[in-house]
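Student: need a 3D model of the following:
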Amino acid sequence: MTDDDSVPISVRLGEVVPPEDPEDWTRPLTWVAALGMLAGPILTLAWFVAAPPTDTSVALPATFMVAIALTAGAAATGATQVGVARAFTATLGAGLFGTLVVIMLGVATAGERQVGTASPTLAHAFVAAASGLAGAAIGSVIAAVVAKLRSRIVRFFPAFLAGAACALVAVAALMSGT
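Tutor: Below you'll find the model as predicted:
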């Protein structure tokens with residue numbers, strides 16, 4: 001065995017020690033990223049448990065709020081990242097994750113299965129999720145543009161504002177077609 005200094009001592013002694021956990025839950029930014037991914041789903045769960053929608057003909061304020069929460073959470077998650085590629089992928093990934101969970105909550109709380117039409121919870125979950133994902137997609141592009149700025153708050157707001165505007169327009173457009 002050689003005493004090569006480029007090989008860590010733990011490997012030379014035969015014991016491989018795993019690297020430090022990159023998702024250290026004692027760090028505040030890890031919590032911001034986690035809560036960012038769960039903002040839309042938490043709001044959706046509260047809405048569907050407390051006062052589920054009964055009609056699919058009009059967008060409810062909660063439909064807009066869930067879409068905005070998905071966008072805000074994605075922008076907050078992206079703002080925790082340093083670098084263009086990481087900010088882009090974290091923002092878009094958080095939006096995709098939140099979208100998936102919101103739709104799963106819509107399915108889980110749909111109650112009876114309907115033939116030919118979606119239940120109100122699933123319809124509103126889909127509209128909010130699709131709109132929030134559209135906002136997260138726009139926000140991810142903006143997050144990549146502002147990723148090199150120093151302040152996380154300054155990186156958050158442009159991505160959030162552009163994404164929220166897109167999400168609001170998308171909810172209105174999707175609900176006008178029903």
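Student: please enumerate the strands of this structure.
Tutor: For the chain, applying DSSP state E gives no strands.
Student: where in it is pLDDT low?
Tutor: Within the chain, the stretches with pLDDT under 70 are 1-26, 113-117, 177-178.
Student: run the last query once more with 80
Tutor: Scanning the chain for pLDDT under 80 picks out the ranges 1-28, 111-118, 177-178.
Student: give me phi/psi at residue 83?
Tutor: Per-residue torsions, residue 83: phi 110, psi 150 (degrees, to the nearest 10).
Student: contacting residues for it?
Tutor: By Cβ atoms under 8 Å, 6 or more residues apart in numbering, the contact list for residue 83 reads residue 147. Where you see a C-beta, it was placed from the backbone N, CA and C, and this is true even at glycine.
Student: how far away is residue 41 from residue 104?
Tutor: Separation of residue 41 from residue 104 (Cβ to Cβ, to the nearest Å) stands at 8 Å.
Student: may I have the phi/psi pair for residue 119?
Tutor: Phi and psi for residue 119, reported as degrees, to the nearest 10, are phi -70, psi 160.
Student: contacts only, for it.
Tutor: Taking Cβ under 8 Å, 6+ apart, one finds 106, 110, 111, 112, 113 in contact with residue 119.
Student: lovely, talk soon.
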